[in-house]
Structure formats: C-alpha cells, structure tokens
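>>> could you work out the structure for the sequence below:
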Amino acid sequence: MLKFISFGSGSSGNCYYLSTATDAILIDIGVGVRTLKKYAREYGVDLSLIHNILITHDHADHVKSVGFVSHELNVPVWTTQKIHYGIGRNYCVVKKVNAEHVREIEKEKEYQVGEFKVKAFEVPHDSTDCVGFCIEAEGETICIITDVGNITDRIKEYIGIANHLVIEANYDREMLMNGKYPKFLKDRITSGVGHSSNEDCATALVENITAGIKNICLCHLSEENNHPELARKSVDTIMRAHGIVPDKDFNLMVLKRTVPTLIFDI
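The predicted structure follows:
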C-alpha cells in the first residue's frame, strides 16, 4: 500500500514523501533538514527508505536542502539538465548536489526510479525550467503539478490519467488584486508563468478529471492571497456547479503550508 505525506506546501518550503512498504521518494526539498528529521520522527517516517529524490524546479522553496539531504542519505537527485544547472547557481542552496548523485532526465521519457515509474512533463513557470511528475506504483498513478503558470493541454492530459492528484491552487483572484502586493508582483503571479488561481485549478479539474480520480490535494497556497478554507470552498463550489461532488466522488483536501499533512494510504 502506498503512503503519502506533505512535509510542507507553500512558499515557506515544499516537500512530499511517497512510499511503498520497502521504498520511498521525496519530491522537492524546500524544508530544512532539521525540520524534515523532526517531522519524520513525529509521524513515524523511516528516512532510510528514501532511495531517490525528484525535483520540480530550482526555486529555493523547492530545493533549499536538496544537497544536504542527498549527501546525508547518499541518494541520487533526478531532474532535468536545466534544473540541475539552476540548482548549482542558486545561492540559497548552500550545499550543492554532489556530482555522483546527479541524474539527468528528459521530459516525457519514462524512468524506473526504484519501485516507481516516473515521467516528467513541462509546467510553465518562471524558473530555469519546471516539470510536473507522473508517478506510477502498485497500479496507482500519482501526479504532482505545482507552480503552474497556466494549465496547458499536456497538463490537462495528466490530470485526466491521475488516480491521485497534487495540484496548485495558489491564490484567490480578488484577494490578490485587492491586496498589498505591488503591481509588478501581481503581474508576475498572473503572467502565465507564475501561479494558478483557485478558479484556474477548479476549472481544470472540472474539465479533465475522470472516474478514476480518488484523491485531490490542493497545494502551494499563498499565505497572503489565499486561505485553506477559501481554496477548498472555491474549488468545491465550482465543481458542484458542474455536478461533481467532492468528498463523495473523491476525497478533496488542502495541504498545509508549514506543517505536515498527515499520512494517508493510497
């Protein structure tokens, strides 16, 4: 049985853990090493099961601790050549990824990463490069789609094949536009290579999920321009208007920004 936990989801740090009974991967490591170890102890996560790390992009809130964790666990880091380059140039990554731990991947090509089949795909974002991940294990398909500037046709296809989906609902449009952010930052967020709104997320779900969906996790919520209750209500309302009923047709949850979201079985 697969298990999933979010150790943090938002601009303060992103890190997801996915495991079988005998193997585990981390997706992004933007939380501190001490924080990761503390949460692992509290929630009974065996870090020695982690044999591989996947990285979506090179922004600090996704890679801050990747070098430390990769070195300490002696595990490889899988991502695109451009993202590896971006990690190497990121001054927030104090400990770089050792050369022997670098694994370069190509988008839309499937890789066997331990017990997981992994495929990266293009996600529009203003980083050096950015990918989502489609992960298959034990007959289940898990898609991680975060920091999404816009929902492309290819992203829609991956939403459609997911049994379990982690997808960004970063901001409420009204809160952002009426909030204290300067215009240049508002423009960046809504530029098409920034982030996706609650409405963007909900519309993509309505148009693309299938009967195979079991769990949807809303991720990477803005601290300033969103609230967990608001994100959930916005997505729930739009889906119900189209005859889709969260928590009946599938489980809908919101990942917490700075503390773990409890492990659940897939």
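>>> ok, E207 - contacts?
K156 (CB atoms under 8 Å, 6 or more residues apart in numbering). In short, each C-beta sits where N, CA and C put it, glycine included.
>>> return the backbone torsion pair for it.
E207 adopts backbone torsions of phi -80, psi -20, taken as degrees, to the nearest 10.
>>> could you check the pLDDT of it?
For E207, the model assigns a pLDDT of 98.
>>> do I266 as well
pLDDT, read off for I266, is 72.
>>> also F116?
At F116, pLDDT is 98.
>>> show me the helices in the chain, by range?
33-42, 60-63, 66-73, 81-89, 153-161, 173-178, 183-189, 198-208, 228-241 (DSSP state H).
>>> now the last one - C-alpha only, PDB.
Once non-C-alpha atoms are left out, helix 228-241 reads as follows in PDB (Å, rounded to 0.1, in the frame of the first residue of the first chain):
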ATOM      1  CA  PRO A 228      -7.300  26.900   3.100                       C
ATOM      2  CA  GLU A 229     -11.000  27.300   3.800                       C
ATOM      3  CA  LEU A 230     -11.400  29.700   0.900                       C
ATOM      4  CA  ALA A 231      -9.400  27.500  -1.600                       C
ATOM      5  CA  ARG A 232     -11.400  24.400  -0.700                       C
ATOM      6  CA  LYS A 233     -14.800  26.300  -0.800                       C
ATOM      7  CA  SER A 234     -13.900  27.900  -4.200                       C
ATOM      8  CA  VAL A 235     -13.000  24.600  -5.800                       C
ATOM      9  CA  ASP A 236     -15.900  22.700  -4.200                       C
ATOM     10  CA  THR A 237     -18.400  25.300  -5.300                       C
ATOM     11  CA  ILE A 238     -17.300  25.300  -9.000                       C
ATOM     12  CA  MET A 239     -17.100  21.500  -9.100                       C
ATOM     13  CA  ARG A 240     -20.600  21.100  -7.600                       C
ATOM     14  CA  ALA A 241     -22.000  23.600 -10.100                       C
END
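>>> many thanks, I have nothing further to ask.
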